[in-house]
Structures are given as C-alpha cells and as structure tokens.
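Asks: Predicted model follows, preceded by the sequence.
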Amino acid sequence: MSFDRVQREPGLFCICFVCTGNICRSPMAESVFRSLIQARGLQNRVSVRSAGTGEWHVGEHSDDRTLASLQARGYEGRGHRARQFDVDWFDDLDLVIAFDRSQERILKNWAPSDEARSKVHLLMSFDPDNGGVLDVPDPYYSDAAMFDTVLGMIERACEALFRQLEPGLRQGAS
C-alpha cells in the first residue's frame, strides 16, 4: 500500500477503515475485510485500506498485540504500515468506516462536502446484533485479551458489512 492518494479505477469499490493511530483496530478490519473479499474472489472489485486520524504512528508496523491476534485467527497483517487519513481521499472512497464516535466526528468535520460526510459510518452500525454498542473500544492501553475481544467485534461487523455489499459487488463483477 502506498501513502499516496487512493487511485480510483472504474468499477472498483473503495473502503478505508479509520481508527486513531492505524496500528490496532483499523489494520485488524483491513485484514479481516481483505480476507472476506479474497475468499469470495472479489479482490479485483474492492480496494481496502486503513488509516488513522492522528499522525503519531505513521510508518510504523501494527501493534504486536494486533499482529498476534490476527495471526491466531489466520489473518495476515505483517505488511501493514500506519498512515494518516488524507482529506483528499474522500473523492475516491465509497465508504469511510470509523470505530468510535470520536473518529466519526473528526472525519465528518474533515469532510469537504455533504456527499463526503455521507460516506462516513461507524463499523458497528452494520452489525444488527451489536446490542446497542456503537463504539469499538481502543485496545491499545489494555491487554492481549482485549485485542482478541476487539478482533471478534470487528470480525462480526465486517461480515455484516460484507453481506450488505456483496450483492452489489457481484452484480458489478464481469
């Protein structure tokens, strides 16, 4: 993945998962969602990336606990490098997925138009069984068990999001 602007290809659905530092939650979601699209042969129809609202970790690998949780469940995440969300990306993205209401507020404030703001959604809003929970907790200041809990939340919500998107993705596939 490049740190450059998202390059929009015709017929490509573009998603960016955005957390705070891009070393825990958003790389988890990027790995989970990429696995879902690859398992269904749709990797040429969807661009998946992640970023953070902050610049503190730009260029760093994912947190070691993120990588351990991903690996334990069969996901790949070792090639990830943190980057900060770029407002210019709004034009080329179809969905901008935030993990908590703080990030959602930041992204909507950064959005240059109502159309761009309409692309910003909370990940948990896609999970019909979320039990009213809209925020995915940041596991950074917690233990490995919290990383596993967070990954479970992300898996369920990503699967629900994918189920909503898959018919349109398949319809657009050639």
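Replies: Yep, it's here.
Asks: check which helix or strand covers residue 142.
Replies: Element membership for residue 142, per DSSP states H and E: none, as it lies in no helix or strand.
Asks: Equivalent analysis for residue 75, please.
Replies: With DSSP H and E as the criterion, residue 75 is inside neither a helix nor a strand.
Asks: Who are the contact partners of it?
Replies: Under the criterion of C-beta atoms under 8 Å, 6 or more residues apart in numbering, the contact partners of residue 75 comprise 28, 31, 32, 35. For the C-beta atoms, the positions are set from N, CA and C on the backbone; glycine is no exception.
Asks: Please report phi then psi for the first one.
Replies: Geometry field for residue 28 lists phi and psi as phi -60, psi -50, criterion degrees, to the nearest 10.
Asks: can you give me the helices for the protein?
Replies: Listed in chain order, the helices found in the chain under DSSP state H are 25-39, 64-72, 101-110, 114-117, 144-172.
Asks: ok so, going back, ok, and the most crowded of the contacts of residue 75?
Replies: Going through the contacts of residue 75 with other C-beta atoms under 10 Å as the criterion, the one with the most neighbours is residue 28, at 33 neighbours.
Asks: how much space between it and residue 44?
Replies: Look at residue 28 and residue 44: by C-beta to C-beta, to the nearest Å, they are 23 Å apart.
Asks: what do you get for residue 171?
Replies: With distances taken as C-beta to C-beta, residue 171 is found 14 Å from residue 44.
Asks: Neighbour count for those two, which is higher?
Replies: residue 44 (12 against 7).
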